[in-house]
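Chemist: with the input below, show me the fold.
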Amino acid sequence: MAYNTLTPEEEYVILHKGTERAFTGKFWDHHENGTYVCRQCNAPLFPSSAKFDSGTGWPSFDDAFPGAVKEVPDADGRRIEIVCANCGGHLGHVFKGEGFTPKQTRHCVNSVSLDFVPENNEHL
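Modeler: Sure, this is the predicted structure:
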């Protein structure tokens, strides 16, 4: 399968499990209706209706599309990494029980791991 060409920063995060600096990504304060997709393979990941402001500086979602995101124990043994279920690209981490939303789930995602398809332009 052919994937999108990634910038060096995108490779660092998506392929090598890096993290972008808080409050620097293009989607941390983004509020348009549509679908957040994987930057590497374009698979739909999160509906904009699941996005919320956690105050952490990264895009936060309390839900993903069914089967779109895979949870993997992180190498540090303390966190749960989330990856695109389609291509395995690193997205960020998931945290549970923090109380931000009734779903008690925060998918904390790097903006560079995402792309966005506006609602009026969706062709997924």
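Chemist: from here on, contacts and neighbour counts on C-alpha atoms
Modeler: Noted.
Chemist: tell me the buried residues in stretch 98-106?
Modeler: 100, 105-106 (16 or more other C-alpha atoms under 10 Å).
Chemist: also stretch 57-73?
Modeler: For stretch 57-73, by 16+ other C-alpha under 10 Å, it's 57-64, 68-70.
Chemist: low-confidence ranges in this structure?
Modeler: Across the chain, residues meeting the criterion (pLDDT under 70) sit at 1, 121-124.
Chemist: longest strand in it, please.
Modeler: strand 90-96 (DSSP state E).
Chemist: look up how far His107 lies from Arg21.
Modeler: Here the criterion is C-alpha to C-alpha, to the nearest Å. By it, Arg21 lies 16 Å from His107.
Chemist: quick one: which of those two has more around it?
Modeler: Comparing Arg21 with His107 by other C-alpha atoms under 10 Å, the one with more neighbours is His107, at 25 against 11.
Chemist: what sits against that one?
Modeler: His107 makes contact with 60-63, 82, 92-95 under the criterion C-alpha atoms under 8 Å, 6 or more residues apart in numbering.
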